[in-house]
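**Q** My questions are about this predicted structure, shown below with the sequence.
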Amino acid sequence: KHCDAHHIHHWADGGDTSIDNGVLLCRHHHRLIHRSGWTVTMVQGVPVFYPPRWLDPLRKPRRNLLHTAA
């Protein structure tokens, strides 16, 4: 109940509202993605986050390993 649904391919750019095109984020991180240049993709059903160039010029992918399935 404390998550926002984020469109990976934004709906304003033609992205559909579906499970395959979405990721659940807390409000803080949802705003961060929209305001700071972070991007997210899905890789085999797992969200992968890419920092903006000002933070990491190589934009190395990052994952939250705290909540991964065993």
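**A** In hand now; what should we look at? Residues are numbered from 1 along each chain as shown.

**Q** What helix or strand is the residue nearest to the spatial centre of the chain located in?
**A** With distances taken as Cα atoms, centre = their mean, the residue of the chain nearest its centroid is Val40 (3.2 Å). Using DSSP states H and E, Val40 falls within strand 39-43.

**Q** Which positions within that strand qualify as buried?
**A** Val40 (16 or more other Cβ atoms under 10 Å). Bear in mind the C-beta positions are built from the backbone N, C-alpha and C, glycine included.

**Q** Check which element follows it along the chain.
**A** strand 46-50.

**Q** That next one relative to strand 39-43, how many degrees between them?
**A** Relative orientation of strand 46-50 and strand 39-43, computed by axes from the mean of the first three to the mean of the last three Cα atoms, to 10 degrees: 150 degrees.

**Q** For strand 46-50, report the contacting residues that lie outside it.
**A** Strand 46-50 is contacted from outside by 23, 38-42, 59-64, 68, using Cβ atoms under 8 Å, 6 or more residues apart in numbering.

**Q** again, only using 7 Å
**A** Residues outside strand 46-50 that contact it (Cβ atoms under 7 Å, 6 or more residues apart in numbering) are 23, 38-41, 59, 61-63.

**Q** Check which residues of that strand are buried.
**A** With the criterion 16+ other Cβ under 10 Å, strand 46-50 contains buried residues 47, 49-50.

**Q** can I get these in JSON lines with distance to His28 and pLDDT?
**A** What follows is these, written out as JSON lines (distance: Cβ to Cβ, whole Å; pLDDT from 0 to 100):
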{"residue": "Pro47", "distance to His28": "15", "pLDDT": "87"}
{"residue": "Phe49", "distance to His28": "13", "pLDDT": "93"}
{"residue": "Tyr50", "distance to His28": "18", "pLDDT": "95"}
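
**Q** Please identify which of those is nearest to Asp4.
**A** Nearest to Asp4 among those is Pro47, at 13.2 Å by Cβ to Cβ.
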